[in-house]
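Novice: Please find the sequence and the predicted model below.
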Amino acid sequence: MPTAENLRSIEKYRRKAPGYDATTGPTWPIRQRCIELLRLAEGETVLDVGCGTGLSFEPLLQCVGRRGRVVAFEQSPEMFARAAARAEALRAQGWQVDLQRASAEDVRLPALPDAALWHYVHDITRTPAALDNLFAQFPPGMRLAVAGMKFFPWWLAPLNLYAWLKNRPYNVRAHEMRQPWSLLAPRLDGFVWEPTQWGMGYLGAGRVSAGAARLSR
């Protein structure tokens, strides 16, 4: 059953889904850089966490090739419908896309991923139950790249109201942007991050640690 936060998120994206794709232009270079950090190779399986409308499917498939596979999930019915249409069109061209409508707390992956893309999935990154479920299914050493919004550095603190207002229409946990990677990073080896969007965003990468699945909330 969806949690209260899941239901609030679903309602937010019910309103956003019709025009969502048109809003993603400014962050497209960040999406591309995040995918590059995964260092994908021909024939690999890559997970698209909280895939939204499936905008990352094609660039991910271009990296893993015809022998590779994209596995994805999305909980919003409206966003999922758009992702499903994309996935169907790609499968008709011979690409391998496995898409589920599920929350991060409940999804069961059909295959072990070699890498996982976390592109602007702030609520998943900040939800311990979602992390517990996903990392229990991740193999040690799996590559992970994450991008999202964060609060500005302290010397630009007055601008954080703007960051919060930008994030609030999309995320339930919009107030948790001080270090949005703080629950993710302890489960990763070699995690490093860099600021994007003049300090209002971040991009990071690491590998799943051997003890990641044992970390409690």
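Specialist: In hand now; what should we look at?

Novice: in the lowest-mean-pLDDT helix or strand in the chain, what's buried?
Specialist: Ranking every helix and strand in the chain by mean pLDDT, DSSP states H and E puts helix 160-167 at the bottom, with a mean of 87. The neighbour-count check on helix 160-167 (16 or more other C-beta atoms under 10 Å) flags 160, 163, 167 as buried. C-betas here are computed from N, CA, C, even on glycine.

Novice: And those, which is closest to residue 144?
Specialist: Closest to residue 144 out of those is residue 167 (21.4 Å), distances taken as C-beta to C-beta.

Novice: so who does residue 138 touch?
Specialist: 112-113, 116, 144, 208, 212-213 (C-beta atoms under 8 Å, 6 or more residues apart in numbering).

Novice: Okay, it and residue 145: tell me how far apart.
Specialist: Distance of residue 138 to residue 145, computed by C-beta to C-beta, to the nearest Å: 13 Å.

Novice: Return every residue with contacts to both of the two.
Specialist: residue 116.

Novice: Which residue ranges of this protein form strands?
Specialist: 45-48, 69-74, 97-101, 115-119, 143-149, 188-196, 201-208 (DSSP state E).

Novice: and the third one with strand 69-74, angle?
Specialist: Strand 97-101 and strand 69-74 are oriented at 10 degrees to each other (axes from the mean of the first three to the mean of the last three C-alpha atoms, to 10 degrees).

Novice: Pull strand 97-101 out as PDB, backbone CA atoms only.
Specialist: Output in PDB follows, covering the C-alpha atoms of strand 97-101 (Å, rounded to 0.1, in the frame of the first residue of the first chain):
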ATOM      1  CA  VAL A  97      13.300  -1.800 -21.800                       C
ATOM      2  CA  ASP A  98      11.700  -3.400 -18.700                       C
ATOM      3  CA  LEU A  99       9.300  -0.900 -17.000                       C
ATOM      4  CA  GLN A 100       7.200  -1.300 -13.800                       C
ATOM      5  CA  ARG A 101       4.700   0.900 -12.100                       C
END
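
Novice: Could you list the residues in contact with that strand?
Specialist: By C-beta under 8 Å, 6+ apart, strand 97-101 touches 51, 54, 57, 61, 69-75, 77, 80, 83-84, 87, 90-91, 107, 110-111.

Novice: out of those, which are buried?
Specialist: 51, 54, 57, 61, 69-75, 80, 83-84, 87, 90, 107.

Novice: Among the strands of the chain, which comes closest to residue 174?
Specialist: Of these, nearest to residue 174 by C-beta to C-beta is strand 143-149, at 8.6 Å.

Novice: angle of that closest one against strand 115-119?
Specialist: Using the same axes, to 10 degrees: strand 143-149 against strand 115-119 is 0 degrees.

Novice: Name the strands paired with strand 143-149 and say parallel or antiparallel.
Specialist: Here strand 143-149 is paired, per DSSP bridges, with strand 115-119 (parallel), strand 201-208 (antiparallel).

Novice: would you turn the ones you listed into TSV with mean pLDDT?
Specialist: Listed next are the strands paired with strand 143-149 as TSV, based on pLDDT from 0 to 100:
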stretch	mean pLDDT
strand 115-119	98
strand 201-208	98
